[in-house]
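> Kindly generate the corresponding structure for this input.
(chains A and B)
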Amino acid sequence: MEVQKFSYDNRIPRLFAIATISWGVIGMLAGVLAAFQLAFPVMNLNTEYTTFGRVRPVHTNAVIFAFVGNAIFTAVYYSMPRLLKTPMWSKALSRIHFWGWQLIIVAAAVSLLMGYTTSKEYAELEWQLDIAITIIWVVFGINMMGTILTRRERHLYVAIWFYLASWVTVAMLHIVNSFELPVSFMKSYSWYAGVQDALVQWWYGHNAVAFFLTTPFLGMMYYFLPKAANRPIYSYRLSIIHFWSLIFIYIWAGPHHLLYTALPEWAQSLGTALSLMLLLPSWGGMLNGLFTLRGAWDKVREDPVLKFIVVAVICYGMATFEGPMLSLKNVNAISHYSDWTVAHVHIGALGWNGFLTFGMLYWLIPRLFNTKLYSTKLAGTHFLIGTFGIVLYAVPMYWAAFRTYFMMTAFTPEGQLQYQFIDVVQSVVPFYALRAIGGSIYLIGVLLMVYNLVKTARQGRFVESEEASAPPLLRGYKAPAKAHWHSKIERKPVMLLILSFIVVAIGGLIEMVPTFLVKENVPTIASVKPYTPLELQGRDIYIQEGCNNCHTQMIRPFRYEVARYGEYSKAGESVYDHPHLWGSKRTGPDLARVGGKYPDSWHFNHMLEPVSMAPGSVMPPYPWLFEKEINIGSTNSKIYAMRKLGVPYPEGYEAQAVKDLKQQATEITERLKKEKITIGSDKQIVALIAYLQRLGKDIKAATH
Amino acid sequence: MKFINYLEKISGVSIYPVISLVLFSALFIAVFIYAMKTSKESISEMENLPFDEFK
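Predicted coordinates for the structure are as follows:
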C-alpha cells in the first residue's frame, strides 16, 4: 500500500507548554497571596482589587483553567497526532484555540479583580466570557474530531477516549451551568434559584473536578507514563473498565457537596451512594498506573519524570480515597465548610495535577528541543521541595479543620457554646500562616523548574516538526470475523463520543429532573418575599466583593450550628435567590440569619474597620463601599430580569422601584444619624447594610 | 422562564438509587465481559499504540 508522508507539528504544543508554565506561576502566586491574606489581613493591601474575595476566584480560575487547562491542551496537541498518525486537522483552528483561550484568561483575571463575577464557584465569569469559552471549546472539539476523522490509525488509544469524554462532558456542564439572563453589559442573573441553582452548581463544580482536572489527566497518564517508562500500560483491559465505570459514576456524585443542606434528602443519599462507588474505578486507574512500573522501580530512583508521575498517581489515589470518605454524612459533618476540603483539593491540585504536569514538561521540553534535560539534579531538588511543600500545605489544614470542629461543637456544662467564632479564627490563624509557607515552598520548586526548562530550551534547538509516514486508512474496512463489538466503538469516534455523552447525561438527568419538577422538593414558605430594590442592589454588592468566598448562608441542622447561627436553613428560603449564595467555606461566620442581629451602625463600623467591632478578625476593610455610589440606573433592568426569572415583583413595579430604593436608603441613613454617623444615602454601603439586615428575617417574622 | 412544578409529590424515591445501581451494574458487566473477551493480539496492538508513532 502507498505510504503517505506527513509531519507532527511541535509549535502549538510548545506554545501551550509555555502558557502552562507562565499561568502556573501566576496562578500559584495568586494562591500564595490569598493564603497570606488569611493569616495577615494587611496583605489585602487595602484596595478593592486585591481583597481576598476577589483574589481567591482569580487563583482558582487561573490554576484550573489556565494552568491545568493549558497543560491538557499541551498533552492533547502533542499526543493526539502521534497516536493517530496524522497532523492536527487544522492549523488555523489550533491557533484560534490557543490565542482565544489565552485572551479569555486575561479577560477573566481582569474582570474578576474588577468585581465582575456571577459568584458561582469555578464558574465566576460573566456571560460574555461564558459565550467566548463555549466558542473556543467548540473550536477545540472540531479540531479534535477533524483529526480523529482524518487519522491513519484505525484504533483509538484509551488516552483519546478520555480526551473525547472530557470534551463532551465539559461542554455539557459549562452550557447547563451557565444559563443566565444578562441584565447589563457586565451583569447577569443565574437562570436557576436556590436549591436548584445549588444542585446545578455542584453538579457542575464536582464534575469540573472530574472532567477537567481528572479525566484529561488520566488521558495524559495513559500516554506519558508508558512513554516515560518505555513500556506499555499494565493492563489495557483494566483501562477499558476504568474508563467506562469512571465516567458513568463521576457525574452522579455532585450532591455530596450539599450534605445536610436544604437539598432534598433523597438527592443527598444518591450522591453519597455513587460517591462511595466511585472509589473502585478511581483506584483501578491508580493501580493500573502504578503497576505499569512493576519491575522497573529502579528507574523511578533515577528519573525525575517518573518520580513526579508516581507521586502524582499516588496523590490521585489518596484524593480519590478521601473523596468518597468525605461523602459519608458523618465525616462530611466535620469537613464541610472547613479547611479539610481545602486540604483535599490541594492534594489533588498540587499533587495530581501539578506533579503530573511537571512530569510531562520534564519529559516533553527536552524532546521538543532535541536535547537532554539541563539538570537532572535540579529536577530532583524540585521534586523534593515540591513534595515537602504539599505536606506542609496539607497537614496544617487538616489540623485546623479538626481544631475548628472541636471548638465549634464545644458546649459548656450549662449548655452554652464554649467558644465565640472569633476564638476559633484566632486559633487557626497560625495554621493559615504555615499553609501559606507550604504553598510558597511549592512555588519555589516550580521556579526551579522554570529555570531548568529555560536552560534546557536554550541549550537545544527547537524541532518545529517531525516527519513521519504511514499508510492511509482504507474505506470500507471489514473487521476480522472474531473481532468484538467494542472494537467497533473504538474505530468509530463519533459513536464513542455519543455513547460517552449518553453515559454522562443519565446521571445528571436522574438527579436534576426530580428536583426541578417535583413541588414537594422545594416547599415554598408564604412569608418569604422578594428582596426590595435596595436589598437587591446590596446583594449584588455582596457578590461583587466575593463575600460568599468566606461566608456561607446555609445553616445545617446541628445543635452547634443552630445554637450559634439560629434556625437551620430551609429550601423555601432561597427560592428568589438568583444565584444562590449558600457558599462552601466558613472562614467567617454564617450569615443566613444575620439580619437584625446587630444595629446598622455595627455593620457600618465593621465594614469600615472589621477589627473595631470584632477584635482579632481576619476580614479586610472595605472603605471604597463608603465612597462608591449605588448604580441606581440599573434598578429597573434588575427588577425586570428577576421577574422574567420568576420572582413575583408586580407588573409595572419598575415605576415604583427607584422611589422605594431611595426611601429605604434614607431610612437607613436616618437611623445611622441617630448614632452620630453621617453617610450619603446613595453609597454602596447603605445597600449592603439593607441586604445584610434582611437576611433570615422572613422566617423570623413568621415564627415570632 | 420559571420552572413549573409538574408533580405534587415524589413517591417511592428509593427507586432512584436502585435504578442507578442497576444501570451501573449492567454497564459494568458489559464492559467487563468485553474487556475479558478481547483477544490478546488486539490488546497488545492497542497498548503499543503510543510506541509506534513513526512506524
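
> quick one: residue A:188 is in a helix?
No: the assignment for residue A:188 (DSSP: H, G, I helix; E, B strand; the rest coil) gives strand, which keeps it out of a helix.

> got the contact list for it?
By CB atoms under 8 Å, 6 or more residues apart in numbering or on different chains, residue A:188 lies in contact with A:118, A:126, A:127, A:180, A:181, A:182. C-betas here are computed from N, CA, C, even on glycine.

> From the residues you listed, list the ones also adjacent to chain B.
Contacts with chain B within the contacts of residue A:188, counted by CB under 8 Å from any CB of the partner chain: residue A:181.

> Make CSV out of the contacts of residue A:188 and add neighbour count, secondary structure and pLDDT.
Output for these, formatted as CSV (neighbours: other CB atoms under 10 Å in any protein chain shown; DSSP: H, G, I helix; E, B strand; the rest coil; pLDDT from 0 to 100):
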residue, neighbour count, secondary structure, pLDDT
A:118, 23, coil, 95
A:126, 22, coil, 95
A:127, 20, helix, 94
A:180, 22, strand, 92
A:181, 17, strand, 93
A:182, 15, strand, 93
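
> Just the closest of the contacts of residue A:188 to chain B, please.
Proximity to chain B was ranked across these by CB to the nearest CB; first place goes to residue A:181, at 7.5 Å.

> Where does residue B:36 sit: helix, strand or coil?
Classification of residue B:36 into helix, strand or coil gives helix, according to three-state DSSP.

> excluding its backbone neighbours, what's nearest it?
residue A:237 (6.7 Å; CB to CB, 6 or more residues apart in numbering or on different chains).

> just checking, the one you found touches residue B:37?
No: judged on CB atoms under 8 Å, residue A:237 makes no contact with residue B:37 at a distance of 9.6 Å.

> more neighbours, the two?
When residue A:237 and residue B:37 are compared for neighbours, residue A:237 comes out ahead with 20 against 12, by other CB atoms under 10 Å in any protein chain shown.

> So the more buried one: helix, strand or coil?
In the three-state summary, residue A:237 is assigned as helix, counting by three-state DSSP.

> Who are the contact partners of it?
Going by CB under 8 Å, 6+ apart, residue A:237 touches B:35, B:36, B:38, B:43.

> What score does residue 11 have for pLDDT?
In the absence of a named chain, this looks at chain A. Looking at residue A:11, its pLDDT is 97.

> look at chain B instead
As predicted, residue B:11 sits at a pLDDT of 62.

> ok, back up a step: could you dump the contacts of residue A:188 into a markdown table and include distance to residue A:227?
As requested, the contacts of residue A:188 are arranged in a markdown table below (distance: CB to CB, whole Å):
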| residue | distance to residue A:227 |
| --- | --- |
| A:118 | 40 |
| A:126 | 40 |
| A:127 | 41 |
| A:180 | 42 |
| A:181 | 47 |
| A:182 | 46 |
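
> Check the closest residue to chain B within chain A and give its pLDDT.
Nearest residue of chain A to chain B (CB to the nearest CB) works out as residue A:646 at 2.9 Å. pLDDT, residue A:646: 90.

> How about residue A:38?
The predicted local confidence for residue A:38 is 96.

> same deal with residue B:30?
Here the pLDDT value assigned to residue B:30 is 89.

> Could you export the helix or strand hosting residue A:196 as PDB, CA atoms only?
Secondary structure from DSSP states H and E places residue A:196 in helix A:194-208. C-alpha atoms of helix A:194-208 as PDB (Å, rounded to 0.1, in the frame of the first residue of the first chain):
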ATOM      1  CA  GLY A 194     -31.900  28.500  45.500                       C
ATOM      2  CA  VAL A 195     -31.800  24.700  45.800                       C
ATOM      3  CA  GLN A 196     -31.900  24.200  42.000                       C
ATOM      4  CA  ASP A 197     -29.100  26.600  41.500                       C
ATOM      5  CA  ALA A 198     -27.100  24.900  44.200                       C
ATOM      6  CA  LEU A 199     -27.700  21.500  42.700                       C
ATOM      7  CA  VAL A 200     -26.700  22.600  39.200                       C
ATOM      8  CA  GLN A 201     -23.700  24.500  40.600                       C
ATOM      9  CA  TRP A 202     -22.300  21.500  42.400                       C
ATOM     10  CA  TRP A 203     -23.200  19.100  39.700                       C
ATOM     11  CA  TYR A 204     -21.000  21.400  37.600                       C
ATOM     12  CA  GLY A 205     -18.400  22.100  40.300                       C
ATOM     13  CA  HIS A 206     -17.900  18.400  41.200                       C
ATOM     14  CA  ASN A 207     -17.700  17.400  37.500                       C
ATOM     15  CA  ALA A 208     -15.300  20.300  36.700                       C
END
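
> I'd like to know which elements that helix is packed against.
helix A:158-177, helix A:493-517 (3 or more CB pairs under 8 Å, 6 or more residues apart in numbering or on different chains; DSSP states H and E).

> TSV for those helices, including mean pLDDT?
Below are the helices and strands packed on helix A:194-208 laid out as TSV (pLDDT from 0 to 100):
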stretch	mean pLDDT
helix A:158-177	94
helix A:493-517	79
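
> Make a markdown table from those helices and add mean neighbour count to it.
Formatted as a markdown table, the entries for the helices and strands packed on helix A:194-208 read as follows, by neighbours: other CB atoms under 10 Å in any protein chain shown:
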| stretch | mean neighbour count |
| --- | --- |
| helix A:158-177 | 23 |
| helix A:493-517 | 18 |
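
> Of those helices, which is nearest residue A:38?
Residue A:38 sits nearest to helix A:158-177 of all the helices and strands packed on helix A:194-208, at 27.4 Å, using CB to CB.

> and the closest one, how far out from the chain's middle?
On the basis of CA atoms, centre = their mean, to the nearest Å, helix A:158-177 is displaced by 16 Å from the centre of the chain it belongs to.

> CA atoms of it as CSV?
What follows is helix A:158-177 as a C-alpha-only set of coordinates in CSV (Å, rounded to 0.1, in the frame of the first residue of the first chain):
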residue,chain,number,x,y,z
VAL,A,158,-7.5,4.9,25.6
ALA,A,159,-6.0,8.3,26.2
ILE,A,160,-8.1,9.6,23.3
TRP,A,161,-11.3,8.2,24.8
PHE,A,162,-10.5,10.2,27.9
TYR,A,163,-9.9,13.4,25.9
LEU,A,164,-13.2,12.9,24.0
ALA,A,165,-15.3,12.2,27.1
SER,A,166,-13.7,15.2,28.8
TRP,A,167,-14.5,17.4,25.9
VAL,A,168,-18.2,16.4,25.6
THR,A,169,-18.9,16.5,29.3
VAL,A,170,-17.2,19.8,30.0
ALA,A,171,-19.3,21.2,27.1
MET,A,172,-22.5,19.9,28.7
LEU,A,173,-21.6,21.1,32.2
HIS,A,174,-20.5,24.5,31.1
ILE,A,175,-23.6,25.2,29.0
VAL,A,176,-26.1,23.9,31.5
ASN,A,177,-24.5,25.7,34.5
